[in-house]
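Peer 1: Just the structure for this:
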Amino acid sequence: MKTVTLYSLSTCPACRKVKKFLDENGISHTTIDVDMLDGSEQWAATKELSKHNPASSYPTVIITEAIVGPDIEALKAKLS
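Peer 2: Numbers count the residues shown, from 1 in each chain. Just a heads-up that it's a prediction; the model follows:
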């Protein structure tokens, strides 16, 4: 089974779209709402995110590689 991690912001509409897609398709994932973390956790999450997406933009889905933005077609391809 593939490990799926979604880096998101709790107020981001594009992030909610990707999370909804993952949920509706029964794709097990870990969501990290970076803006809901405390200072040191937020710093660590952002540092980890920047390893995969140097722009640190949201949403970013990590499967085998980063998928940046609400690219549902890319998600489908990676998850199939």
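Peer 1: alpha carbons only for contacts and neighbour counts from here, please
Peer 2: Noted.
Peer 1: C-alpha coordinates for the host helix or strand of Ala74, PDB please?
Peer 2: Using DSSP states H and E, Ala74 maps to helix 72-79. The C-alpha trace of helix 72-79 is given here as PDB (Å, rounded to 0.1, in the frame of the first residue of the first chain):
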ATOM      1  CA  ILE A  72      -6.800  15.300  -9.400                       C
ATOM      2  CA  GLU A  73      -5.700  13.600 -12.700                       C
ATOM      3  CA  ALA A  74      -2.100  13.400 -11.400                       C
ATOM      4  CA  LEU A  75      -3.400  12.000  -8.100                       C
ATOM      5  CA  LYS A  76      -5.400   9.300 -10.000                       C
ATOM      6  CA  ALA A  77      -2.400   8.400 -12.100                       C
ATOM      7  CA  LYS A  78      -0.100   8.000  -9.000                       C
ATOM      8  CA  LEU A  79      -2.600   6.000  -7.000                       C
END
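Peer 1: Show me which positions of it end up buried.
Peer 2: Buried residues in helix 72-79, counted by 16 or more other C-alpha atoms under 10 Å: Leu75.
Peer 1: which residues touch that helix?
Peer 2: By C-alpha atoms under 8 Å, 6 or more residues apart in numbering, the list of residues contacting helix 72-79 from outside reads Lys2, Val18, Phe21, Ile63, Thr64, Ile67.
Peer 1: Name the next helix or strand following the longest helix along the chain along the chain.
Peer 2: Longest helix in the chain by number of residues (criterion: DSSP state H): helix 39-52. Note on helix 39-52: by DSSP H and E, the next helix or strand toward the C-terminus is strand 60-62.
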